[in-house]
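Novice: starting from these lines, generate the structure:
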Amino acid sequence: MDFLLVVVAIIIGIAILCAIGKYIDNASSPVIAREACIVSKRISVSGSNISTSTSYYITFELHDSSRLEFIVSTKDYSFLAEGDTGTLCTQGEWFKSFERHFVSRR
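Specialist: Sure thing, here's the model as predicted:
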């Protein structure tokens with residue numbers, strides 16, 4: 001029984017250290033701005049009848065045709081639409097912002 005407790009504690013400790021390492025990597029990365037287009041949006045709802053959680057995702061396509069998907073805030077999800085083009089700012093694996101390029105219609 002004590003052996004199992006030690007193994008579980010080690011696994012939890014390793015998971016915490018990995019999460020801290022990933023946070024430090026992202027926080028120390030430079031903010032990169034690149035031109036991108038929003039190609040899709042999706043919502044993921046998880047949980048049970050008692051408690052649910054909603055996550056909002058936006059997929060961006062860069063000029064080299066690579067795609068990046070980020071979890072975004074409800075506000076960003078609401079204000080951005082598929083087909084929007086603009087400047088995507090990221091830091092490591094984090095979404096920082098997306099500034100739309102508005103096309104004047106005359």
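Novice: same for the longest strand along the chain, what does it pack against?
Specialist: Longest strand of the chain, by residue count under DSSP state E: strand 31-47. If you count contacts as 3 or more Cβ pairs under 8 Å, 6 or more residues apart in numbering; DSSP states H and E, strand 31-47 packs onto strand 52-62, strand 85-91, strand 94-100. Bear in mind the C-beta positions are built from the backbone N, C-alpha and C, glycine included.
Novice: residue 14 is nearest to which of the ones you listed?
Specialist: Evaluated with Cβ to Cβ, the helices and strands packed on strand 31-47 place strand 94-100 nearest to residue 14, the distance being 22.7 Å.
Novice: list the buried residues for the closest one?
Specialist: Using 16 or more other Cβ atoms under 10 Å as the burial criterion, the residues of strand 94-100 that qualify are 95, 98.
Novice: contacts for that strand next, please.
Specialist: Counting by Cβ atoms under 8 Å, 6 or more residues apart in numbering, strand 94-100 makes contact with 26, 31, 36, 38, 58, 60, 70-72, 76, 80, 84-90, all of which sit outside it.
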